[in-house]
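Visitor: Sequence first, predicted model second:
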Amino acid sequence: MNIDLPPWLNDINKDKHLIKLINLRDAYSSKKFKMLLSDRIELESMWITLKRRENHNSNLYFLRFRHDVQLSLVRSKFSRFSNKNRKMYASKISNKAEELSALLKESDFDDGIFNVMNDKDVFRLTGERDADELRLLQVSSFLIQLSEDAKLKGERTDTIQTSNSKNEEQTYYIRSLTKRMRERFNTPLRNVVAVSASVIFDNPVIDVPYVAKYAP
């Protein structure tokens, strides 16, 4: 499928690899991101802002924003939990995983599973560092990692929260993308968040004051 990019994305249009990446998936988040590639005039300033924020001449600004947008469209299941309930739920998962791990170690069911964790986690659990080799990991060891991850996630105070409302997906996107812009550029770039959200959710009400209200 061909994509006709607007003039302000000519640099992307010349990059055949990036064009292939845009067409790689047809998931919900990918469809939504493609809405930001139209020739709507308000999108020009958004893309120019992002391009200027990068300190080097490359197309990384495009890849990074694509990544941020798509992740902001995939809501965390914990987003509907209060901090108290999230911590309680995560603690329950952590304790159950640790308990099952201990039981498996004393049984004949502690078989190996293919490791899908990153190299840092493997090194911490096994003392080995070989990222190129698929290795088997005992189920009990995997559960210990799961227990630790659940505990850390429950203790985080920066989890994005939304209420159960008709605009919860929109609110989550605004809060998530604002957080990612602040982490990347040390500023919330509310104009970028506002333009992208108004286009993706087809909501002209979303502007900079609206974003500031829901993502202070």
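Guide: All right, it came through fine.

Visitor: What strand or helix carries the spatially closest residue to Lys151 that is not a sequence neighbour?
Guide: Leaving aside its chain neighbours, Lys151 sits nearest to Ser94 (4.4 Å; criterion: Cβ to Cβ, 6 or more residues apart in numbering). (Glycine included, C-beta is placed from N, CA and C.) Per DSSP states H and E, Ser94 falls inside helix 83-105.

Visitor: for the helix or strand encompassing Leu21, which positions count as buried?
Guide: Leu21 belongs to helix 16-22 when assigned by DSSP H and E. Going by neighbour count (16 or more other Cβ atoms under 10 Å), the buried part of helix 16-22 is 18-19, 22.

Visitor: Let me have those in a markdown table, extended by pLDDT.
Guide: Below are the buried residues of helix 16-22 laid out as a markdown table (pLDDT from 0 to 100):
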| residue | pLDDT |
| --- | --- |
| Leu18 | 79 |
| Ile19 | 77 |
| Ile22 | 74 |
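
Visitor: which residues in this structure form helices?
Guide: Applying DSSP state H to the chain gives helices spanning 10-13, 16-22, 28-34, 42-53, 60-72, 83-105, 119-126, 139-155, 168-185, 190-200, 208-214.

Visitor: which one of these lies closest to Ile3?
Guide: Closest approach to Ile3 among the helices of the chain (Cβ to Cβ): helix 16-22, 6.0 Å.

Visitor: mind checking how far the closest one is from the chain centre?
Guide: Centroid separation for helix 16-22 versus its chain: 20 Å, with Cα atoms, centre = their mean, to the nearest Å.

Visitor: contacts for it?
Guide: 3, 12-13, 30, 33-34, 37, 59, 62-63, 66 (Cβ atoms under 8 Å, 6 or more residues apart in numbering).
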